[in-house]
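>>> sequence first, predicted coordinates after that:
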Amino acid sequence: MRPNLVTALYHAYGPPLSKPIPLRRHQSSSSPPQWPNSSHPTPYDILSAPRNETYCKARFCQLVKLYHPDSQNLSSLPSAIRLERYRLVVAANDILADPTKRRLYDEHGIGWVHGRRSGGAVDEDWRRRPGSAAGNATWEDWHAWHEARRRRDADPSAAQHETGNVKVSTVLIHFVIIFTAFKLLVPESSSAKRLRLAEQQTAAIGDEIRRTTEATAGRSMDERVHQFLRYRQDDEKLRHRRNANHRVSTPSTDVVKPSNRST
């Protein structure tokens, strides 16, 4: 190296360092996730991806390097288990990275064949999922279902609003059931009974007046007067009979005092 160049570098950068600068290795800010404890993990469980958030491939890259068959990071793990987990990681990323495949999996459980549950359990989970098409029986049901999907795709907040409506409807249904059971099991109060009996008596009197009016509508004046007198006489007899029965059924409260006779 020329002396002039060395002198220029010395004046520009100063004297050389006695120790070399150590190289910094890139360290990830987040450690790779642990493998799910479930025997049948879902793609979201494997990649630790929330269902309602945008998918990020950072976890996928970490797991691929961790479980790759040629990797030496987990040498204590059997090769068969490491290979199976590697396949599950790749399959989960294949579903979550594709919006179409992810939608099919979220709505119908289609596309995930690795570590899947039994067909009955998957079908039951799909039927209970909000927005499922399992309850569509008529053309109107399918039309409403497609309209709901269209609104949800156009407005992401519509799905949350629909879920809120389902929860509110469920709460209202439970409230109606509890209120009906309470009305059937709890006995009716005395005031409510008296009010109900008064309403029944009023309705009976109205029916009697209506029948009497209809019966006397086509009669002459003499016939109406005769009918009125007979009805009044029958009413007096009935009232007299009720009073007699009441006197017989009511015990006397008078106490008979013994007579004080002088002997």
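Thanks, I have the structure now. Numbers count the residues shown, from 1 in each chain.
>>> counting by contacts, list what the strand or helix carrying residue 211 packs against.
Assigned by DSSP states H and E, residue 211 falls within helix 190-215. Of the remaining helices and strands, none touches helix 190-215 by 3 or more C-beta pairs under 8 Å, 6 or more residues apart in numbering; DSSP states H and E. Where you see a C-beta, it was placed from the backbone N, CA and C, and this is true even at glycine.
>>> the following helix or strand past that helix vs helix 190-215, what angle?
Going down the chain from helix 190-215, the next helix or strand is helix 221-249, by DSSP H and E. In terms of direction (axes from the mean of the first three to the mean of the last three C-alpha atoms, to 10 degrees), helix 221-249 departs from helix 190-215 by 150 degrees.
>>> what is the mean pLDDT for helix 221-249?
Helix 221-249 shows a mean pLDDT of 74 in the predicted model.
>>> can you check stretch 175-188 too?
Rounded mean pLDDT across stretch 175-188 is 77.
>>> restrict that stretch to CA atoms and write it as PDB.
Presented in PDB, the C-alpha positions along stretch 175-188 are these (Å, rounded to 0.1, in the frame of the first residue of the first chain):
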ATOM      1  CA  PHE A 175     -85.400 -15.100  29.100                       C
ATOM      2  CA  VAL A 176     -88.700 -16.000  27.500                       C
ATOM      3  CA  ILE A 177     -88.300 -19.600  28.500                       C
ATOM      4  CA  ILE A 178     -87.400 -18.700  32.100                       C
ATOM      5  CA  PHE A 179     -90.400 -16.300  32.400                       C
ATOM      6  CA  THR A 180     -92.800 -18.900  31.000                       C
ATOM      7  CA  ALA A 181     -91.500 -21.600  33.400                       C
ATOM      8  CA  PHE A 182     -91.800 -19.100  36.300                       C
ATOM      9  CA  LYS A 183     -95.400 -18.300  35.400                       C
ATOM     10  CA  LEU A 184     -96.300 -22.000  35.200                       C
ATOM     11  CA  LEU A 185     -94.600 -23.000  38.500                       C
ATOM     12  CA  VAL A 186     -95.300 -20.100  40.700                       C
ATOM     13  CA  PRO A 187     -98.900 -20.100  42.100                       C
ATOM     14  CA  GLU A 188    -101.100 -17.200  41.200                       C
END
